[in-house]
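**Student:** What shape does this take:
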Amino acid sequence: MLTATQVPGGPNWLGLTTPDAAASAAFYGDVFGWRYEPVQPEEREFGLFRLAGRTVASCGPVAEPGTAAEWQIYFRTVDADATAKAVEQAGGTVRFPAHDVLMAGRAAGFTDPTGARFAVWQPREVDSLDAINTAGALCWTELYTTDAAASKAFYGAVLPWDTGWEIEVGTHVLAIISPSGSGREAQHGAIMQLLPENLAAGSRSEWHPYFATRDCDGVATAATERGAETLIPPIDVPGVARVAMLRDPFGATFGVLQATTAPTTTE
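**Tutor:** A predicted model of the protein is given here:
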């Protein structure tokens, strides 16, 4: 579960870009109980998803017509402009430059050298999401990558992360992400190498948000009944969680996670 959202490098915002805000709001409202609140009545494609009055994500239109929906994870930075320079120096690209979002904060978006898209948020009046680690809210982040070694080197140069702690999950080895110098008590995600069969099938590098649930199977069923595609059906990660991976009706990929206990580490 997320334990490092309030320090540099921790995930502190989550945004959905979608071609149909109303339809996406209906889908996530049915699946997680979210309520969509437009920022302005006349601009209903921009808004916030709220759960019990607390913000769990933002919503905005896709950049280009015909583009699929996408979940975008934002990591905390103290200087979005400096992070953009670090991204370019480390071999990544800037998708959208650092810019002010009214008085809320400053944001920038990037693509890492393996093709995964991510962003950073430099807080001002809006610090971070109001809810995490509760049913229906963000609880974990994961990078599925075509090159784990290259990804760890890149993010280590761009964000204050440690990735030296690894756990085995079936045939996968996950490098756990934690703030530099924080030890294993603080963690907020993992980097996972895609397997050869995934690569052969055309899988690409992507960041995925996971939402907490008390009923992984029930949420997965509710999502598929409302048009989502099942990418990974509910499975047990022994001693860790029950998880599933889904693609919403508009193309955005997300996971659901029903936690059990802490994972076993490997050195």
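
**Student:** Start and end of stretch 247-258, how far apart?
**Tutor:** In stretch 247-258, first residue to last residue: 18 Å (CA to CA, to the nearest Å).

**Student:** Mind telling me what element Ser24 is part of?
**Tutor:** Assigned by DSSP states H and E, Ser24 belongs to helix 21-32.

**Student:** Let's see the helix or strand following that helix as PDB, backbone CA atoms only.
**Tutor:** As assigned by DSSP H and E, the chain's next helix or strand after helix 21-32 is strand 35-40. Output in PDB follows, covering the C-alpha atoms of strand 35-40 (Å, rounded to 0.1, in the frame of the first residue of the first chain):
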ATOM      1  CA  ARG A  35     -19.000  11.100  -8.000                       C
ATOM      2  CA  TYR A  36     -17.900  13.400 -10.800                       C
ATOM      3  CA  GLU A  37     -17.800  17.100 -10.100                       C
ATOM      4  CA  PRO A  38     -17.000  19.500 -13.100                       C
ATOM      5  CA  VAL A  39     -14.600  22.300 -12.300                       C
ATOM      6  CA  GLN A  40     -16.900  24.700 -14.100                       C
END
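
**Student:** is it true that Thr224 lies in a strand?
**Tutor:** No - going by DSSP: H, G, I helix; E, B strand; the rest coil, the assignment for Thr224 is helix, not a strand.

**Student:** Tell me who's in contact with it.
**Tutor:** Thr230, Leu246 (CB atoms under 8 Å, 6 or more residues apart in numbering). All C-beta atoms are positioned from the backbone trio N, CA, C, and that covers glycine.

**Student:** Leu246 versus that one, what's the distance?
**Tutor:** Computed with CB to CB, to the nearest Å, the distance linking Thr224 and Leu246 is 7 Å.

**Student:** which residues do those two both contact?
**Tutor:** Thr230.

**Student:** before we move on, the earlier item: buried ones in the helix holding Ser24?
**Tutor:** Ala21, Ser24, Ala25, Phe27, Tyr28, Val31, Phe32 (16 or more other CB atoms under 10 Å).

**Student:** Check stretch 73-80 too.
**Tutor:** Ile73, Tyr74, Phe75, Arg76, Thr77, Ala80.

**Student:** for the closest residue in space to Leu257 that isn't next to it in sequence, what are its contacts?
**Tutor:** Nearest residue to Leu257 in three dimensions, chain neighbours excluded: Tyr210, at 4.5 Å (CB to CB, 6 or more residues apart in numbering). Listed by CB under 8 Å, 6+ apart, the contact set of Tyr210 reads Leu138, Cys139, Trp140, Thr141, Glu142, Val243, Phe254, Gly255, Val256, Leu257.

**Student:** let's see 10 Å
**Tutor:** 1-2, 138-142, 189, 241, 243-245, 254-257, 259 (CB atoms under 10 Å, 6 or more residues apart in numbering).

**Student:** which stretches of the stretch 101-250 of the chain form strands?
**Tutor:** Listed in chain order, the strands of the stretch 101-250 of the chain (DSSP state E, counting those that start in this stretch) span 105-111, 117-123, 138-145, 161-169, 172-179, 189-193, 206-212, 229-237, 241-247.

**Student:** so which of those comes closest to Tyr36?
**Tutor:** The closest of the strands of the stretch 101-250 of the chain to Tyr36 is strand 206-212. By CB to CB, the value is 15.8 Å.

**Student:** Could you list the paired strands of the closest one along with their orientation?
**Tutor:** With DSSP bridges as the test, strand 206-212 is paired with strand 138-145 (antiparallel), strand 253-259 (parallel).

**Student:** so the shortest one versus helix 21-32, what angle?
**Tutor:** Okay, so that is strand 253-259. Here the directions of strand 253-259 and helix 21-32 differ by 20 degrees (axes from the mean of the first three to the mean of the last three CA atoms, to 10 degrees).

**Student:** remind me which residues of the chain are low pLDDT?
**Tutor:** 4-5, 261-267 (pLDDT under 70).

**Student:** was I right about Gly109 contacting Phe75?
**Tutor:** No - Gly109 is beyond contact range of Phe75, at 11.2 Å (criterion: CB atoms under 10 Å).

**Student:** Before I go, just wanted to say thanks for your time.
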